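Chemist: 3D model of this:
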Amino acid sequence: MASDKLQYDAAQGGKVALPTHVTTYHYAAGALNEIKTLVRDAVEGQPGHKVTKLIFQSLPKHMRRRAMSHHPKRLPRQYRQAHNSQMSKGGNKPVTSKRPSRKYRRRPANLLAEYVRRQRKHIWLETHIWHAKRFHMAERWGYRLALSSCDKTYRACYRASAEHCLLQDVSFYTCYELRGLLGDLIKGFARLTSPRCGLDITARTYLNGRREGTVELFEDGRFPFGALQRANFMWLPSDVADAQAERTMWLWLHPSAANATLEQLIKVFELRSHRQQKLPLVEEETQKESEPTQPDEEPKKQAKNKLKKQPDKDGKEMEQTAKKPLRFWTVTKAFERTPAYSNANNSMHLVILQREFNRFRLTGPRAQKVLAASLRAHQANTGDLLEQSDYVKAALQLDSPSEVLSNLVMGVQVVDPRLQRPRKRTKAEPRPDKSRLVSPSDLLVNQPKILPESRLWCQLERDRLSKNIMSLATYEELRGKHVIVPGEPCPFEEKLQAVPLLLVQRPGSQDPVYKRLGYGSGWDVIAPAGYGMILWLTLTMWGARPGGLRELESVARESGTDLHLPDTVAGKSVLPSSFSELLTRTLIFAGIQEAAVATQERRVRYFRLPPGKRINYRKLAICSPFSAPWKQLVRDWSSRKAEDSYFVLRYHQQLETISYCLLQKKPFPASLPDKALIQVKLRLLARGRIKDNALICVPQIVDFRHRQRQIRRNCQGPAHVEPAQPDLNEPLRRELRRNHKITLKRLRGRRVREKRRLQEKATTAVHIRPANTAALVRSQLEEMCRLWLPGESAEVRDSVRRQCSREVIGYVTVSAFSFTEATVCSVGYVTVAGLQQLIFKLPKTTFSRKESLKCLLRDPDSKEYRWASIQINLNIANSPL
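Modeler: Modelled structure (predicted):
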């Protein structure tokens, strides 16, 4: 078949004639050149041969990349080392600006060093790695602590604390060990405490070491002012109560005021640090005495000794050689694991046992079952130790922690907690032996004498426990070698060392009228260092729900108390004059940041908003929107001229007197202090929500009448609406803002004209100079902040009390929805005179003794007042920590 396609071969009709034969020598010459090229390429790849090309140039064309000379990782792995060597010889060493990858930092060889580097600023707890994977972390008091879970567990944590078991790591509490004569300890703490705040540290119920106590600490000789914090303490078990006997006690302090408390202890007991010691400098003359003397030197030496003593005119011998002055040198320790202090005669010692213990807090009625399933007495317990472990086992078989003696301290030696860990997370449901069940009354009476004793009190034992602990890797390796059936015990596990623990009972709420009886009860488990993660995993595997700092605050709020009182170091909200001063003071007293930094954060958050979104507190008649002005509030309600100082009333007898007067509608006695603040619980009576720093106000007769009409109509509206106040600074702010913009524009134009003038004479490009208006902008911001916020409360008297249409008698510190009350509940503080004014304003027709006292609450960013019931906390000194 003929084709129209163009042909090239002459045989097919084309013009190109292909050769009929191939010349042999031409073909051989071409093949020879190809063989030479292949041999040369093969020889150049061998070591020791002179290379004429770079490594990345010798690759096949399909593997070459333009960026290979700059990025060695684009080459095959086997050529990278040779390529880097070539680049370094030519002076073009590749710059590795990128830091090592996370995979490199997570290698076992580098992981520990990385963890140590990250702990330079904030200390980690032993459970930090576990919490960091599951919780939001926060920097508090020099520690990196778990704040709240990444899951939505707020309601679940409340259910755990009320019906099940809530687990929290409170190992950040600092333990101070005081050792000295009992009489000296009594005299010292008499200057730091007061019997008006409850039992002191030398009460008979605490001195034998069977119970843990709570004490309010104050600055030396300043009671009732200068409160530091509420601390827990326990004594080394002993029946000796002689004043000349040496006793040891542990003082558990919150880190917010630990440094301030340490300064007071050093001042009271006259202690000195062991970090710097002044020692006498002894000259080494033994070498001179050991040198042999020459024969001709003997006469000289004897003559020199004769000249030492010469008779004077009176016949007395006098020494001619003067005594050399004694010199001292200072020895400074670079690092102290446990800083120690002592007084001049070494009769009083203080040791800071930081990071020596792990303290876990279990809250809820099922804490008993979790501990019973997680702890098993060691088989080596014999004699008294067996009696101790039997009592602990019987106590943990009760239904609730509140059935045991309050604040009971129990010591026990258990097996390694890893041996009690279930294979999967299970709810603890122990089956108690009914034949061995003991009633709570029998446990109260028949306590063994050795019950509170523990090896944790000995420093050598704690060091031995931490040194001989079996690592997790070794434990798993031995399990892999010896285990036959998964989950079955191995023979080597019985040889693991016994772990001494201290179990401390927490009674929870003790007033059924004030709050739910027994809420917040549980146990504190004190374990030696090194066993934190082991015990934590065992407790969580038996059904305990972990919580963070948010749960600490919620449990305290549900109990109707406040963690940090406003007169303590952590509760003061006085802001420094500058932010740099705030940071400096935070390093000295870490607790001031708890309230003061919270105030600073509210202020910064407020001024981050644009002017159109900011709340005008001047129109709302709020004098202090970010913090509670306690000093000015007490000053306004004081009948006589008082200094700018206040304190929280902790005297139980005076609180009962105030409560009786409120019930009987009688005036308060004149002996009550004017500068005192009273802690109250507020319960909202209608729908709505109350925020922190809300105002507590006194209602008027009109408000009570309006409430009666609302009750008849079933109205949930506000009790009163604050009328808007004029803002006289609004035109000033507008004028200041306009002038500031004009000034910046004028300065900008001046710099532009200067740049143009220089550009006409310059041969190179001229850039506009920097503005340098930082000081001008800063002054503008300070003036604008002053015009936005109300004036200082300290300027005018009654500026806080009568800042709005209803008299202010106090402020709310913490507020949220309470699950125990099924409504919004708050904790606040009111003045004594303001509380009495609240009684006088009550109408006689509507007042009933059975009816609770009522007040008005108002948010700082709202105009609406809402009704709330008010109740005094009579047991503020005994509130749980």
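Chemist: Spatially central residue for the chain, please.
Modeler: Arg140 (3.4 Å; C-alpha atoms, centre = their mean).
Chemist: correct me, but it touches Leu549?
Modeler: Yes. The pair Arg140 / Leu549 is scored as a contact, 6.9 Å apart, by C-beta atoms under 8 Å. Placement of C-beta: from N, CA and C, glycine included.
Chemist: And stretch 557-565, end to end?
Modeler: Stretch 557-565 stretches 13 Å from its first residue to its last (C-alpha to C-alpha, to the nearest Å).
Chemist: now Gln679, which residues is it bridged with?
Modeler: Following DSSP bridges, Gln679 is listed with bridge partners Tyr829.
Chemist: Quick one: residues contacting Leu736.
Modeler: By C-beta atoms under 8 Å, 6 or more residues apart in numbering, the residues touching Leu736 are Gln780, Glu783, Met784, Leu787.
Chemist: Which SSE is immediately downstream of the helix or strand harbouring the second one?
Modeler: Looking back up the chat, that one is Glu783. Per DSSP states H and E, Glu783 falls inside helix 774-788. Later in the chain than helix 774-788, the nearest helix or strand by DSSP H and E is strand 808-818.
Chemist: Can you list the buried residues in that next one?
Modeler: Residues of strand 808-818 classed as buried by neighbour count (16 or more other C-beta atoms under 10 Å): Val808, Ile809, Gly810, Tyr811, Val812, Thr813, Val814, Ser815, Ala816, Ser818.
Chemist: out of the residues you listed, which one sits closest to Pro528?
Modeler: Distance to Pro528 across the buried residues of strand 808-818 (C-beta to C-beta) is lowest for Val814, with 34.7 Å.
Chemist: okay, now Pro770: neighbour count?
Modeler: 8 (other C-beta atoms under 10 Å).
Chemist: Check the gap between Arg650 and Gly480 for me.
Modeler: Between Arg650 and Gly480 the distance is 58 Å, computed by C-beta to C-beta, to the nearest Å.
Chemist: Same check on Thr261?
Modeler: Thr261 is 49 Å from Gly480, by C-beta to C-beta.
Chemist: Show me which of those two is the more surrounded one.
Modeler: Neighbour tally, Thr261 and Gly480, criterion other C-beta under 10 Å: the higher count belongs to Thr261, 23 against 8.
Chemist: element containing the more buried one?
Modeler: Judged by DSSP H and E, Thr261 forms part of helix 258-269.
Chemist: Which of the residues in that helix are classified as buried?
Modeler: Buried-residue list, helix 258-269, by 16+ other C-beta under 10 Å: Ala258, Asn259, Ala260, Thr261, Leu262, Gln264, Leu265, Val268, Phe269.
Chemist: Can you classify Tyr176 as helix, strand or coil?
Modeler: strand (DSSP: H, G, I helix; E, B strand; the rest coil).
Chemist: what does the one 4 residues further on give?
Modeler: The local conformation at Gly180, judged by three-state DSSP, is strand.
Chemist: How about the contacts made by the closest residue to it other than its chain neighbours?
Modeler: Among residues not flanking Gly180 along the chain, Met348 sits closest, at 3.7 Å (C-beta to C-beta, 6 or more residues apart in numbering). The contact partners of Met348, by C-beta under 8 Å, 6+ apart, come to Leu178, Arg179, Gly180, Leu181, Asp184, Leu185, Gly188, Phe269, Leu271, Ser342.
Chemist: Run through the bridge partners of the first one.
Modeler: Here Leu178 sits in beta bridges with Met249, Leu350, as judged by DSSP bridges.
Chemist: Ser347 is in contact with that one, correct?
Modeler: No. Taking contacts as C-beta under 8 Å, Leu178 lies outside contact range of Ser347: 11.7 Å.
Chemist: quick one: low-confidence parts of the stretch 651-800 of the chain?
Modeler: Flagging of the stretch 651-800 of the chain using pLDDT under 70 yields the residue ranges 792-797.
Chemist: quick one on the thing from earlier: between the helix holding Thr261 and strand 174-181, what angle do the directions make?
Modeler: 10 degrees (axes from the mean of the first three to the mean of the last three C-alpha atoms, to 10 degrees).
Chemist: quick one: average pLDDT of helix 258-269?
Modeler: Mean per-residue pLDDT for helix 258-269: 92.
Chemist: and after that helix, which helix or strand comes next?
Modeler: Next along the chain from helix 258-269, counting by DSSP H and E, comes strand 272-273.
Chemist: Please enumerate the helices of the stretch 251-400 of the chain.
Modeler: 258-269, 286-290, 297-308, 367-374, 384-395 (DSSP state H, counting those that start in this stretch).
Chemist: got a list of what Pro417 touches?
Modeler: So, once contact is read as C-beta under 8 Å, 6+ apart, Pro417 ends up touching Ser374, Leu375, Val499, Tyr531, Ile534, Leu535, Leu537, Thr538.
Chemist: wouldn't the fifth one be in contact with Asp416 here?
Modeler: So the one you mean is Ile534. Yes. Assessed by C-beta under 8 Å, Ile534 is found in contact with Asp416 at 7.1 Å.
Chemist: intersection of neighbour lists for the two?
Modeler: By C-beta under 8 Å, 6+ apart, no residue touches both Ile534 and Asp416.
Chemist: what ranges of the stretch 51-200 of the chain fall below the confidence cut-off?
Modeler: Per-residue confidence for the stretch 51-200 of the chain (pLDDT under 70) gives these ranges: 51-52, 64-70, 90-100, 105.
Chemist: can you give me the strands for it?
Modeler: 123-124, 135-140, 143-149, 166-169, 174-181 (DSSP state E, counting those that start in this stretch).
Chemist: and the second one, which residues are buried?
Modeler: Buried residues in strand 135-140, defined by neighbour count with 16+ other C-beta under 10 Å: Phe135, Met137, Arg140.
Chemist: Contact partners for the last one?
Modeler: In this structure, Arg140 makes contact with Phe172, Pro255, Leu549, judged by C-beta under 8 Å, 6+ apart.
Chemist: any idea how far the first one is from His62?
Modeler: Counting by C-beta to C-beta, the gap between Phe172 and His62 amounts to 61 Å.
Chemist: ok, the two, which is more surrounded?
Modeler: Neighbours per residue, other C-beta under 10 Å: of Phe172 and His62, the larger number sits with Phe172, 21 against 5.
Chemist: could you list every residue that touches the closest residue to the more buried one other than its chain neighbours?
Modeler: Distances taken as C-beta to C-beta, 6+ apart place Tyr143 nearest to Phe172, at 4.8 Å, with adjacent residues excluded. Going by C-beta under 8 Å, 6+ apart, Tyr143 touches His122, Ile123, Trp124, Leu125, Phe172, Pro255.
Chemist: do the same with Pro237
Modeler: So Pro237 contacts Asn208, Gly209, Arg210, Pro452, Glu453 (C-beta under 8 Å, 6+ apart).
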